[in-house]
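>>> sequence plus the predicted model coming up.
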Amino acid sequence: MSADIDRIFNALTDSHAQEKGATLASLFAADPDRFSRLSLRLDDLLLDYSKTSLTDTTRALLFDLARAAGVEAKRDAMLAGARINITEDRAVLHTALRRRAGEVVLVDGQDVMPEVVGVLGAMGVFAEGVRAGTVTGEGGERFTDVVNIGIGGSDLGPAMATLALAPYHDGPRLHFVSNVDGAHLYDTLKSLDPKTTLFIVASKTFTTQETMANARSARAWLAGALGEAAVGSHFAAVSTALDKVSAFGIAPDRVFGFWDWVGGRYSIWSAVGLPLMIAIGAEAFRAFLDGAADLDAHFAAAPLEENLPVLLALTGIWHRDICGYATRAVIPYDQHLARLPAYLQQLDMESNGKRVTREGKPVAHDTGPVVWGEPGTNGQHAFFQLIHQGTSPVPVEFLVAARGHEPGLERHHTMLMANCLAQSEALMRGRTLEEARGQLLAKGVAPEEAERLAPHRVFPGSRPSVTLAYSILDPYALGRIIALYEHRVFVEGAIWDINSFDQWGVELGKELADTLLPAVESGVAPPSLSGSSAGLLQHLSALGAPAA
Ligand SMILES: O=P(O)(O)OC[C@H]1O[C@](O)(CO)[C@@H](O)[C@@H]1O
């Protein structure tokens, strides 16, 4: 960490301490232009960060911080195909996947665009064939159901986006099986007809234990019903490991490849998006890519002060490192974005849940926060109590569209918007003891009783939130929103000087699961196992856990 960065972090901390007395309400009262100064628009997409405790001084310091951390140069290196994933020696080029034919993106001097365009074209032919009923099952019947088998980045992206774009879904039904828990596959398959079911096995590495177990069981289900010869017509695969796919027995013309420079959690734009393309069609999928491409162009060119991902990242740095908030809630007031929090958990926490710098030294500041959330209004009736009155403030990120898609239910959308605005307003304003007391007295509550009840009705207020507002959640808008979050994660990682593109933290558990499988099968704990795990294994075996 350079002396410059240290100095700016210290200046931010000092400013925060000095400004602590000012409530958000007082900041608005003192400055009628606060919203227009602390919000940023890209066409219809608006980021309002005026309901945070940022001031002109601290915002300027945060821009200094981004500059001192070399955000612009790091961004340019990523977009130019440099091998910035230094622990895996890989370029990071998910942005190439949204570029158009004819553009040039070099990796090691080689233009990757012809291959990108080629795979996208092959996906389009296959997806449109499935949608039109010209690509069929073994018996010539049209596919009514498509089951995607994958986990992590090979599941969350297409699952989130297929739900998000439900109003545009006019292809076969989509199902997503990720968990190795047999319940996930079993419950999905029990209502499906093998004759009209297509499986897509999605795995970047084609070695992931859960995906391979589910794929093998799905294959057995299909072959058991239709015979081994039918497997080829009912399976497709998405992977970077083409040799392993072919060993699994999936025909080469049913395999859609991608490249090691696409991280799993950044892969929705690649062939991993095939289920989404089957759901909404190749044209709408292109609009999804275009939304992301336009956001990429904005990220690449806009000055830091007018750069949406940068601003969103700086609010994140402010809340995590200067205000000390350990979590952030993502609350889409958009039921179709119900899976967005889960998607962002992987995008953000797998990218920035790191404790050493790119040089392998301990980080100087806290890195990625815990990301969590649920759609509004449901969250209001569950955990908003704590967000309003709990002892640990939680910065909230609201998402809301001006319009929904549901004919005849426009009034519902009006109510949804009112709730979204009400929550950020209530968090910001709060309610004082005097106000609480006054309201009780106005309702005719006796003074003594009002005194007893009032403290329970106090809201501290000054609870921060940012809001992303857009016109309607169509494929283009979704593409922009997801790209915005990707680049936000990038900028935060760049400021923390961590590698946001590896995920060594998931490896130890995977290794131990492999080691423990024989122990669970035999019911005999290896001597190396802790007393706790050995005791649990013994208990479960005694209760009848299935053996090999
Ligand atoms: O696509 P794959 O190779 O099956 O990996 C699935 C997921 O597993 C992880 O490696 C972590 O467990 C993710 O990064 C990835 O998205």
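Now that the structure is in, tell me what you want to look at. For clarity, every value in this text was computed on a predicted model and none was experimentally measured.
>>> C-alpha only now, for contacts and for neighbours.
Will do.
>>> what does this structure have sitting close to the ligand?
Applying Cα under 6 Å from any ligand atom, we find that the chain lies next to the ligand at 151-154, 203-206, 208, 264-265, 506.
>>> narrow these to those in helices?
Using DSSP state H, no member of the residues of the chain next to the ligand falls in helices.
>>> can you say which of these are buried?
Neighbour counting with 16 or more other Cα atoms under 10 Å marks 151-154, 203-204, 206, 264-265 as buried within the residues of the chain next to the ligand.
>>> turn those into CSV, columns for pLDDT.
CSV is the format used below for those (pLDDT from 0 to 100):
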residue, pLDDT
151, 98
152, 98
153, 97
154, 97
203, 96
204, 92
206, 94
264, 97
265, 98
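>>> for these, give me TSV that also has distance to residue 414.
Rendered in TSV, the data for these read as follows (distance: Cα to Cα, whole Å):
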residue	distance to residue 414
151	36
152	35
153	34
154	35
203	41
204	42
206	46
264	37
265	34
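>>> residues in contact with stretch 352-362?
86, 363, 367-369, 489, 492-493, 496-500 (Cα atoms under 8 Å, 6 or more residues apart in numbering).
>>> hmm, which two among the buried ones among the residues of the chain next to the ligand are most spread apart?
The distance between the two most remote of these (Cα to Cα) is 15.3 Å, for 206 and 265.
>>> picking that back up, make a ChimeraX selection of the buried ones in the contacts of stretch 352-362.
In ChimeraX, a selection of the buried entries from the contacts of stretch 352-362 looks like this (16+ other Cα under 10 Å):
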select :363,367,368,369,489,492,493,496,497,498,499,500
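>>> for residue 400, which three-state class applies?
Three-state assignment for residue 400 (DSSP: H, G, I helix; E, B strand; the rest coil): strand.
>>> next: residue 256.
strand.
>>> tell me the pLDDT at it?
Per-residue confidence (pLDDT) for residue 256: 96.
>>> disregarding flanking residues, what is the spatial nearest neighbour of it?
Nearest residue to residue 256, sequence neighbours excluded (Cα to Cα, 6 or more residues apart in numbering): residue 238, at 4.8 Å.
>>> tell me who's in contact with the most centrally placed residue in the chain.
Nearest to the geometric centre of the chain sits residue 344, at 2.0 Å (Cα atoms, centre = their mean). Listed by Cα under 8 Å, 6+ apart, the contact partners of residue 344 are 371, 485.
>>> contact partners of stretch 293-300?
With contact meaning Cα under 8 Å, 6+ apart, stretch 293-300 is reached by 75-76, 95, 98-99, 307-310, 480, 483-484, 487.
>>> switch to 10 Å and redo it
Contacts to stretch 293-300, defined as Cα atoms under 10 Å, 6 or more residues apart in numbering, come from residues 42, 72, 75-76, 79, 95-100, 287, 289-290, 292, 301, 306-310, 476-477, 479-484, 486-488.
>>> which of those residues are buried?
Among those, those classed as buried by 16+ other Cα under 10 Å are 72, 75, 79, 95-100, 287, 289-290, 292, 306-310, 476-477, 479-484, 486-488.
>>> now do the helices in the stretch 351-500 of the chain.
Ranges of helices within the stretch 351-500 of the chain are 351-352, 384-389, 410-429, 433-442, 447-453, 475-496, based on DSSP state H, counting those that start in this stretch.
>>> if we can go back for a sec, out of the residues of the chain next to the ligand, which comes closest to residue 423?
Distances from residue 423 to the residues of the chain next to the ligand, taken by Cα to Cα, are shortest for residue 265, at 30.5 Å.
>>> so the closest one versus residue 153, what's the distance?
Distance, residue 265 to residue 153, by Cα to Cα, to the nearest Å: 4 Å.
>>> so what sits against both of these two?
Common contacts of residue 265 and residue 153 (Cα under 10 Å, 6+ apart): 343, 346-347.
>>> reformat those residues as a markdown table; add secondary structure.
Shown next, in a markdown table, are those (three-state DSSP):
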| residue | secondary structure |
| --- | --- |
| 343 | helix |
| 346 | helix |
| 347 | helix |
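>>> may I ask which of the residues you listed has the most neighbours?
residue 347 (26 neighbours; other Cα atoms under 10 Å).
>>> any chance of the helices of the stretch 351-500 of the chain in a markdown table, with mean pLDDT too?
Below are the helices of the stretch 351-500 of the chain laid out as a markdown table (pLDDT from 0 to 100):
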| stretch | mean pLDDT |
| --- | --- |
| helix 351-352 | 98 |
| helix 384-389 | 98 |
| helix 410-429 | 98 |
| helix 433-442 | 98 |
| helix 447-453 | 98 |
| helix 475-496 | 98 |
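>>> out of the ones you listed, which gets nearest to residue 136?
Nearest to residue 136, of all the helices of the stretch 351-500 of the chain, is helix 475-496, at 26.8 Å by Cα to Cα.
>>> ok now the closest one, how far from the chain's centre?
Computed by Cα atoms, centre = their mean, to the nearest Å, the chain-centroid distance of helix 475-496 equals 9 Å.
>>> could you measure from residue 451 over to residue 429?
21 Å.
>>> now do residue 198
Distance, residue 198 to residue 429, using Cα to Cα: 52 Å.
>>> which of these two has more neighbours?
Higher neighbour count among residue 198 and residue 429: residue 198, with 26 against 19, using other Cα under 10 Å.
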